[in-house]
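Student: Fold the following.
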Amino acid sequence: MENLNKIEILILAAGKGKRMQSDLPKVLVELKGKPMIKHILESIKKAFHKKPIAIVGHKAELVKSELKDLCFYALQKEQLGTGHAVACAKNICKKAKHIIVLSGDQPLITPKTIKNLMEKHLKSKSKITFTTTEVSDFKDWRKAFTGFGRILRKNGEVVGIREYKDANEKEKEIKEVNAGCYAFDAKWLWKNLEKIKNNNIQNEYYLTDLFKIASKNGDLIETVKIDSSEALGANSKEELEILEKFTI
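Tutor: Coordinates of the predicted model:
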């Protein structure tokens with residue numbers, strides 16, 4: 001694999017977690033006795049043995065005091081979306097050729113998946129490689145995926161991701177969803193992040209809008225399919241309970 005100095009790993013860790021009914025930043029909500037983000041840090045360490053950059057925002061000092069020197073830090077002063085969050089880390093990532101982006105509230109992502117993601121990205125020379133998962137329906141524990149972005153494909157190729165809140169009824173029926181781990185060609189990422197707009201229901205800069213840009217440019221997008229349990233996130237107490245069931 002490419003020199004680890006050329007790869008930076010970002011963890012999105014700025015969210016409030018208001019639906020958790022907790023004062024804690026979302027990534028510090030505990031799963032099996034430790035903050036969700038610490039599960040992810042363990043997986044990163046096993047995959048790459050490299051210190052990641054946590055993008056912090058809400059109660060940033062609290063996150064830093066919990067994680068101490070396990071991470072480097074970038075600050076997102078205002079929560080303006082995932083695209084804006086990644087842009088806040090640009091200065092720390094100047095030397096990187098490739099950027100991995102992980103969500104701080106997806107604690108079941110395995111070292112193997114993180115490794116596979118980067119290996120496929122390097123091998124394919126794609127501009128974006130990301131994880132998806134397919135569900136049979138949105139019932140039972142799988143209802144946790146209802147709010148996930150839907151993968152838009154044309155002739156088998158990814159042409160975009162439609163965030164659930166912006167999706168029409170037909171798009172909401174798509175069973176392949178965005179599993180939220182990304183690898184980007186760094187040069188491509190910084191150039192195109194500047195182009196994304198916040199014309200959506202949330203008025204946020206979505207990282208996923210880069211897919212539309214890549215597709216339009218004819219830039220290569222690759223996917224890594226993962227097990228649905230790995231893709232589970234936690235935005236509510238109910239979703240946290242689902243995660244508990246899958247955690248060893």
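
Student: Quick check: which helices or strands does the helix or strand hosting K38 pack against?
Tutor: Here K38 is covered by helix 36-48, with elements defined by DSSP states H and E. In terms of contacts (3 or more CB pairs under 8 Å, 6 or more residues apart in numbering; DSSP states H and E), helix 36-48 is packed against strand 7-13, helix 60-67, helix 111-124. From N, CA and C alone the C-beta is placed, and that goes for glycine too.

Student: Longest strand of the protein, counting residues only.
Tutor: strand 176-185 (DSSP state E).

Student: contacts for the helix or strand just after that strand?
Tutor: Following strand 176-185 in sequence order, the next helix or strand is helix 186-193 (DSSP H and E). Residues outside helix 186-193 that contact it (CB atoms under 8 Å, 6 or more residues apart in numbering): 8, 83, 86-87, 90, 93, 96-99, 127-128, 210, 213-214, 219.

Student: how close does the residue of the chain most remote from its centre sit to I128?
Tutor: Taking CA atoms, centre = their mean, the residue of the chain most remote from its mean C-alpha position is N155, at 25.3 Å. For N155, the distance to I128 equals 18 Å [CB to CB, to the nearest Å].

Student: Can you pull out the residues in contact with the helix or strand harbouring Y73?
Tutor: In this structure, Y73 sits in strand 72-75 according to DSSP H and E. With CB under 8 Å, 6+ apart as the test, strand 72-75 has contacts from 10, 51-57, 60, 64, 88-89, 91-92.

Student: ok, that strand: who's next to it in the sheet?
Tutor: Looking at strand 72-75 with DSSP bridges, its partner strands are strand 53-56 (parallel).

Student: Put the alpha carbons of the partner strand into PDB.
Tutor: The C-alpha coordinates for strand 53-56 follow below in PDB (Å, rounded to 0.1, in the frame of the first residue of the first chain):
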ATOM      1  CA  ILE A  53      -7.700  13.900  12.500                       C
ATOM      2  CA  ALA A  54     -11.000  14.400  14.400                       C
ATOM      3  CA  ILE A  55     -13.100  17.300  13.000                       C
ATOM      4  CA  VAL A  56     -14.700  18.700  16.200                       C
END
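
Student: starting at the chain centroid, how far to it?
Tutor: Its chain's average C-alpha position is 12 Å from that of strand 53-56, according to CA atoms, centre = their mean, to the nearest Å.

Student: Same question for stretch 120-132.
Tutor: The answer for stretch 120-132 is 14 Å, by CA atoms, centre = their mean.

Student: Identify each buried residue in it, please.
Tutor: Buried residues in stretch 120-132, counted by 16 or more other CB atoms under 10 Å: 120-122, 126-132.

Student: Out of those, which comes closest to H39?
Tutor: T131 (16.3 Å; CB to CB).

Student: so the closest one makes contact with T113?
Tutor: Yes. With contact defined as CB atoms under 8 Å, T131 and T113 form a contacting pair (6.6 Å).

Student: Now the common contact residues for the two.
Tutor: Taking CB under 8 Å, 6+ apart as the criterion, T131 and T113 both touch 181, 224, 226.

Student: So which of those wins on neighbours?
Tutor: Counting neighbours by other CB atoms under 10 Å, C181 leads those with 25 neighbours.
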